[in-house]
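A.B. asks: no sequence for this one, just the structure:
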């Protein structure tokens, strides 16, 4: 299960950074998305290495997803 979470976190990090590069304007929203996605990946790697569970990682992933949706809506306008 941890491997699936890590793969999904890496995919989210890839797509978030791709969206930020496509917008060609780095603002606070893009920075928060990339920082949150990177933190989620690091928490998943820490879970793999030390076998400690981080319940806040789930909320962080949902927060990044919400920011991604907001940034996608803003990019269309």
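C.D. replies: All right, it came through fine. Everything quoted here is computed from the prediction, not taken from an experiment. Residues are numbered from 1 along each chain as shown.

A.B. asks: Sticking with the residue nearest to residue 40 when sequence neighbours are not counted, tell me its helix or strand.
C.D. replies: Distance criterion C-beta to C-beta, 6 or more residues apart in numbering; nearest residue to residue 40, sequence neighbours excluded, is residue 9 at 4.6 Å. Just so you know, the C-beta spots here come from the backbone N, C-alpha and C atoms, and that holds for glycine as well. In this structure, residue 9 sits in helix 2-23 according to DSSP states H and E.

A.B. asks: Show me what that helix is packed up against.
C.D. replies: With contacts taken as 3 or more C-beta pairs under 8 Å, 6 or more residues apart in numbering; DSSP states H and E, helix 2-23 sits against helix 28-50, helix 56-76.

A.B. asks: most packed of those?
C.D. replies: Greatest average neighbour count among the helices and strands packed on helix 2-23 goes to helix 28-50 (a mean of 17), per mean count of other C-beta atoms under 10 Å.

A.B. asks: who touches it?
C.D. replies: 2-3, 5-6, 9-10, 12-13, 16-17, 19-20, 23, 52-54, 56-57, 60-61, 63-64, 67-68, 70-71, 74 (C-beta atoms under 8 Å, 6 or more residues apart in numbering).

A.B. asks: one step back: of the helices and strands packed on helix 2-23, which shows the lowest average pLDDT?
C.D. replies: With a mean of 84, helix 56-76 has the lowest mean pLDDT of these.

A.B. asks: which strands and helices sit next to it?
C.D. replies: The contact analysis (3+ C-beta pairs under 8 Å, 6+ apart) places helix 56-76 against helix 2-23, helix 28-50.

A.B. asks: List the buried residues in the first one.
C.D. replies: Within helix 2-23, the residues scored as buried using 16 or more other C-beta atoms under 10 Å are 5-6, 9, 12-13, 16, 19-20.

A.B. asks: contacting residues around residue 13?
C.D. replies: Counting by C-beta under 8 Å, 6+ apart, residue 13 touches 34, 37-38, 40-41.

A.B. asks: Also residue 17?
C.D. replies: 34, 37.

A.B. asks: Tell me the predicted confidence for it.
C.D. replies: 83.

A.B. asks: Tell me how many other residues crowd residue 77.
C.D. replies: When neighbours are counted by other C-beta atoms under 10 Å, residue 77 registers 4.
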